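K.L.:
how would this look folded up:
(one chain, ligands or ions: 1)
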Amino acid sequence: MNQIDSEAVVFSPDEAVLVLEDGQVYVGEPYGATGRTSGEIVFATGMTGYQETLTDPSYDRQIVVQTFPHIGDTGINGEDPESSRIWVAGYIVRDPSPNVSNWRATGSLDDDLKAQGIVGMSGIDTRKLVRHLRSAGVMRAAIFSGDALLDEAGRLRTVESMLDEVKATPQMKGLSLYDEVSTKETYTIEPCGEYEGKEPLFTVAAVDLGIKAMTPHRMAERGCRVHVVPSTVTFDEIEALNPDGVFFSNGPGDPEQADPEVELLRRVLDAGHPFFGICFGNQLLGRALGFGTYKLKFGHRGINQPVKDVTTGKVEVTAHNHGFAVDAPIGETVDAPFDNGRYGKVFVSHIDLNDDVVEGLQCVDIPAFSVQYHPEAAAGPHDAAYLFDRFVELMKTTKEAQRNA
Ligand SMILES: NC(=O)CC[C@H](N)C(=O)O
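P.N.:
Alright, predicted model coming up:
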């Protein structure tokens with residue numbers, strides 16, 4: 001069934017009910033675990049990579065709607081997850097595949113969602129739902145199925161009571177609400193591929209704000225030893241690693257409420273360490289430089305967004321997962337506003353050709369740059385792999401300059 005007028009909502013105990021913060025209601029079937037879940041509802045437009053989406057810690061506490069209708073046909077496997085578990089709060093698909101057909105499959109998506117207790121639903125008009133979110137903007141929502149559809153007396157709940165629960169759901173907050181996504185202990189990724197077993201070319205301290213597994217791997221395959229450190233790491237703990245470069249990862253939450261991480265980043269910049277940031281890391285660099293950040297109406301979540309590198313004019317097909325963006329001037333090189341230009345000049349290096357959203361920052365006077373999108377290609381195109389080469393080159397030139405100073 002589709003979205004229906006909430007006054008006339010009818011559903012049975014074996015169905016699933018989606019209630020949006022603005023009162024819209026959709027009735028479908030349970031998919032994955034049954035129960036209740038709530039969070040900010042967002043949509044992802046990728047046609048492939050559903051395991052990478054589900055296990056991206058940046059989706060922590062968000063209900064994800066897939067716009068591509070047929071999900072689950074390749075089952076699940078042990079190679080594609082981007083972290084140790086599924087992080088989405090809930091999952092909504094149009095037409096889940098009842099069959100698994102892939103040589104790497106170790107099980108079905110439905111079973112994995114059930115095993116991890118992820119409440120989902122299917123069989124609703126996701127196109128209508130996404131068009132509504134695209135015009136009304138992302139908002140809080142909840143999914144109810146199984147016993148969660150019943151009140152204490154065992155009667156079917158009212159939509160009003162479910163709507164009350166939606167409105168009691170916490171709004172998107174800063175990283176402190178999400179520190180569950182970060183590693184609790186530092187771990188190290190050694191050089192791999194052609195650099196396997198060799199002395200590392202460079203040492204990177206990667207701050208895990210919700211890091212995706214493939215990201216440090218992209219640096220390790222370029223000869224780096226990567227120490228992945230918790231989001232609560234101190235500057236002195238970073239210094240003790242004697243890094244040639246520092247990386248801030250992607251992650252959930254509102255960058256405007258991540259001041260401790262911005263302060264840590266400023267100490268990294270003041271120490272002159274080469275810096276590379278991705279997604280949340282880009283927003284934190286923007287805020288460290290003195291720019292603001294703002295919430296997008298519905299965000300960018302998918303693996304085919306056109307981004308222009310303004311220094312080369314090249315257009316890259318890129319993978320995105322962000323609901324916030326940096327508010328910086330496009331088309332000009334400016335003094336970074338923080339502390340009367342302490343960090344020198346900076347320009348917007350990349351822009352999204354769909355909506356002119358800032359997709360990259362390049363500092364001119366300090367060794368620091370970042371992108372809003374995901375160059376690690378997990379899932380997604382490999383167009384932006386050069387950014388990892390750029391980070392290695394930045395560490396190389398900075399080390400040489402320090403040696404010759
Ligand atoms: N993937 C990310 O790093 C997301 C960054 C930030 N939480 C946002 O939603 O914009």
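K.L.:
got the residues of this protein near the ligand?
P.N.:
Residues of the chain lying close to the ligand by Cβ under 6 Å from any ligand atom are Ser58, Asn250, Gly251, Pro252, Gly253, Cys279, Phe280, Asn321, His322, Gly323, Phe324. For glycine as for every other residue, the C-beta is placed from the backbone atoms N, C-alpha and C.
K.L.:
contact partners for the fifth one?
P.N.:
Under the criterion of Cβ atoms under 8 Å, 6 or more residues apart in numbering, the contact list for Gly253 reads Met172, Lys173, Gly174, Leu175, Leu177, Tyr178, Phe280.
K.L.:
for the fifth one, what are its contacts?
P.N.:
Listed by Cβ under 8 Å, 6+ apart, the contact partners of Leu177 are Arg61, Pro170, Gly253.
K.L.:
burial count for whatever residue of the stretch 1-150 of the chain ends up closest to the ligand?
P.N.:
Nearest residue of the stretch 1-150 of the chain to the ligand (Cβ to the nearest ligand atom) works out as Ser58 at 3.2 Å. Ser58 has 27 neighbouring residues, counting by other Cβ atoms under 10 Å.
K.L.:
show me what Val119 bridges to in the sheet.
P.N.:
Applying DSSP bridges to Val119 yields these beta-bridge partners: Gly32, Gly90.
K.L.:
least confident of the contacts of Leu177?
P.N.:
In terms of pLDDT, the weakest of the contacts of Leu177 is Pro170, which scores 86.
K.L.:
that one - nearest residue in space that isn't next to it in sequence?
P.N.:
In space, and not counting its chain neighbours, Pro170 is closest to Leu177: 6.9 Å by Cβ to Cβ, 6 or more residues apart in numbering.
K.L.:
got a pLDDT number for that neighbour?
P.N.:
At Leu177, pLDDT is 74.
K.L.:
same check, this time on Phe247
P.N.:
If you check Phe247, the pLDDT there is 98.
K.L.:
who's it bridged to?
P.N.:
Ala206, Phe276.
K.L.:
circling back to that earlier point, helix, strand or coil for the residue nearest to Pro170?
P.N.:
helix (DSSP: H, G, I helix; E, B strand; the rest coil).
K.L.:
how much space separates it from Phe324?
P.N.:
Between Leu177 and Phe324 the computed distance is 15 Å (Cβ to Cβ, to the nearest Å).
K.L.:
next: Phe248.
P.N.:
For Phe248, the distance to Phe324 (Cβ to Cβ) stands at 15 Å.
K.L.:
between the two, who's got more neighbours?
P.N.:
Legend: neighbour count by other Cβ under 10 Å for Phe248 and Phe324, higher for Phe248 (30 against 21).
K.L.:
give the burial count for the closest residue to that one other than its chain neighbours, as a bare number.
P.N.:
Leaving out its chain neighbours, the residue that sits closest to Phe248 by Cβ to Cβ, 6+ apart is Gly281, at 3.3 Å. Using other Cβ under 10 Å, Gly281 has 28 other residues around it.
K.L.:
same check, this time on Asp22
P.N.:
Asp22: 14 neighbours (other Cβ under 10 Å).
K.L.:
now swap in Gly197 and tell me
P.N.:
By other Cβ under 10 Å, the residues close to Gly197 number 7.
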